[in-house]
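Participant: Let me see the structure of the following:
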Amino acid sequence: MLNIEINKISLLTLSKVKPFWLFFVIVCFAGAKSTPTFAQTRAIAIKRAASLDNGISISWLEQTWNADALKQRPVADSDFKLLKKLGFKSIRLPVAFKYYESKHISIITVIKSIDYVWNLCNRHGFKLVIDYHYGNLNDTNYVAETRSIINTWSILTRKYAKASPDKLFFEIYNEPPPMSPQVWKDAAYNIVTALRKIDAKRTFLVGASNYNSIYELSRMVRLGDENIIYTCHFYEPFFFTHQGASWVGNQVSTTGVPFPYTVENFPAINPKAKNTWGETNYNQYKTDGNERSVKDKLQIVKNWAGTYGVPVICSEYGVYNKYADLDSRCRYIKAVRSVLKELHIPGMLWEYNGNFSLFSGKPTIKNLPVCMANAIGYEPKK
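Facilitator: Modelled structure (predicted):
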């Protein structure tokens, strides 16, 4: 609608305008209601989001426990050929920028490793998402920390300014913690606004607080920038996907949890999980541990994206593979992929060659279990 002030002026003046010019004025004002650039930019972002579908994370540059990470090259041409053969189209590269900064490692050194992956992506036809992993942002330090994040991204933005925005994407901050949603939104807005002054065409990925929560995303108000893909992480039910993960704590100490839920195969609760939210999730798993629940939860994301007309992507999903049985892992990944496809939400698996790996051993076709090949839609050529 035209704003109120224009309407007041119109009432006083348009009655004196000849019919032809009145038509011209109305058409001009009507055209001014929406700037075509906005719609075109959003359409580009939607198209770019779709191009990231069937992606996977390569996680070695976020391994803060690996002191030699920057000296290693754990992926090579052979890995990208394998990923291409399996049908993957995009790579997500988490990088622990803040950690390297705290160790007084030059960002130039870090960029050399990023460049290595970027060159592999170009050589083999993959899109690349560079992800700012393991930051220190919280409710008390967000002013200074936002400046630090902007500084890091500004260096990268200038470095890759000439890279095709159809091929290279920036995920501005991985899994903002359980902080004030408004504080996080303000920080995200400031990061995007600062980088947009350097690169007007790059598409940024932005998630919600509470670790890219689907629930926080559903309560988030979109940013003003049109060239954004909104991202979520999906590990629901967490009780299954992270069973036995020591870094999470006693909440997930119950192992042997199957997917989907079956009463005959359901384990007894680990005593360590008593009186934690793990006990609540144990009791709820008969409801949560199935494909129907997966779809209901991802539908939350789809509904939010539809409300604002913006693109959304699931940039992480997967299963910790130490304690979950193989068949359950396969069934879960197949279920999530199927629902994402049904809802037209692009997805990126976590991960290629770590403890959420699809493979039983070193990544090779031979080490890809039959059920996992089926789960990711890979059909060997006969």
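Participant: Can you tell me the centre-most residue of the chain?
Facilitator: residue 315 (2.8 Å; Cα atoms, centre = their mean).
Participant: what sits against it?
Facilitator: Neighbour list for residue 315: 55, 92, 129, 131, 171, 205, 207, 212, 231-233, 348 [criterion: Cβ atoms under 8 Å, 6 or more residues apart in numbering]. For every residue, glycine as well, the C-beta is placed using N, CA and C.
Participant: Which of those residues sits closest to residue 270?
Facilitator: residue 233 (24.7 Å; Cβ to Cβ).
Participant: Which of the contacts of residue 315 fall within strands?
Facilitator: Among the contacts of residue 315, the members found in strands (DSSP state E) are 55, 92, 129, 131, 171, 205, 207, 231-233, 348.
Participant: Adding pLDDT, neighbour count and distance to residue 162, write the residues you listed out as JSON lines.
Facilitator: What follows is the ones in strands among the contacts of residue 315, written out as JSON lines (pLDDT from 0 to 100; neighbours: other Cβ atoms under 10 Å; distance: Cβ to Cβ, whole Å):
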{"residue": "55", "pLDDT": "98", "neighbour count": "24", "distance to residue 162": "23"}
{"residue": "92", "pLDDT": "98", "neighbour count": "29", "distance to residue 162": "22"}
{"residue": "129", "pLDDT": "99", "neighbour count": "24", "distance to residue 162": "18"}
{"residue": "131", "pLDDT": "98", "neighbour count": "28", "distance to residue 162": "21"}
{"residue": "171", "pLDDT": "98", "neighbour count": "23", "distance to residue 162": "20"}
{"residue": "205", "pLDDT": "98", "neighbour count": "26", "distance to residue 162": "20"}
{"residue": "207", "pLDDT": "98", "neighbour count": "29", "distance to residue 162": "27"}
{"residue": "231", "pLDDT": "98", "neighbour count": "30", "distance to residue 162": "25"}
{"residue": "232", "pLDDT": "98", "neighbour count": "27", "distance to residue 162": "30"}
{"residue": "233", "pLDDT": "98", "neighbour count": "21", "distance to residue 162": "31"}
{"residue": "348", "pLDDT": "98", "neighbour count": "27", "distance to residue 162": "25"}
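Participant: quick one: which two of these are the most distant?
Facilitator: Pairwise distances across these peak at 15.1 Å for 55 and 207 (criterion: Cβ to Cβ).
Participant: Just the pLDDT for residue 272.
Facilitator: pLDDT recorded at residue 272 is 98.
Participant: repeat for residue 320
Facilitator: On the pLDDT scale, residue 320 gets 98.
Participant: And the residue nearest to the centre of the chain, how far from residue 175?
Facilitator: Separation of residue 315 from residue 175 (Cβ to Cβ, to the nearest Å): 10 Å.
Participant: cool, residue 146 as well?
Facilitator: 16 Å.
Participant: what do you get for residue 217?
Facilitator: For residue 217, the distance to residue 175 - Cβ to Cβ - is 12 Å.
Participant: Spit out the residues that contact these two alike.
Facilitator: residue 207.
Participant: ok, the two, which is more surrounded?
Facilitator: Applying other Cβ atoms under 10 Å to residue 217 and residue 175 shows that residue 217 carries more neighbours, namely 24 against 19.
Participant: nearest spatial neighbour of the more buried one, skipping sequence neighbours?
Facilitator: Closest residue to residue 217 apart from its sequence neighbours, by Cβ to Cβ, 6 or more residues apart in numbering: residue 208 at 4.0 Å.
Participant: now swap in residue 194 and tell me
Facilitator: residue 150 (4.6 Å).
Participant: Run through the neighbouring helices and strands of the helix or strand the one you found falls within.
Facilitator: For residue 150, the host element (DSSP states H and E) is helix 142-159. Contact here means 3 or more Cβ pairs under 8 Å, 6 or more residues apart in numbering; DSSP states H and E; on that basis helix 142-159 packs against helix 97-102, helix 107-124, strand 127-132, strand 168-171, helix 181-196.
Participant: Can you add distance to residue 305 and give the ones you listed back as CSV?
Facilitator: CSV is the format used below for the helices and strands packed on helix 142-159 (distance: least, Cβ to Cβ, whole Å):
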stretch, distance to residue 305
helix 97-102, 28
helix 107-124, 26
strand 127-132, 18
strand 168-171, 17
helix 181-196, 17
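Participant: how about those, which one is nearest residue 272?
Facilitator: With Cβ to Cβ as the measure, helix 97-102 is the member of the helices and strands packed on helix 142-159 nearest residue 272 (29.6 Å).
Participant: Can you mark which positions in stretch 155-167 are buried?
Facilitator: Going by neighbour count (16 or more other Cβ atoms under 10 Å), the buried part of stretch 155-167 is 155-157, 160, 165, 167.
Participant: Give me the neighbour count for residue 73.
Facilitator: Around residue 73 there are 11 residues (other Cβ under 10 Å).
Participant: mind checking the SS state of the closest residue to residue 38 other than its chain neighbours?
Facilitator: For residue 38, ignoring the flanking residues on the chain, the nearest one in space by Cβ to Cβ, 6+ apart is residue 226 at 5.2 Å. Assigned by DSSP: H, G, I helix; E, B strand; the rest coil, the conformation of residue 226 is coil.
Participant: switch to numbering from 32
Facilitator: Understood, numbering begins at 32; the last thing we discussed is residue 257.
Participant: any idea how far residue 257 lies from residue 232?
Facilitator: Relative to residue 232, residue 257 is positioned 12 Å away (Cβ to Cβ).
Participant: more crowded one of those two?
Facilitator: Between residue 257 and residue 232, residue 257 has the larger neighbour count (other Cβ under 10 Å), namely 18 against 12.
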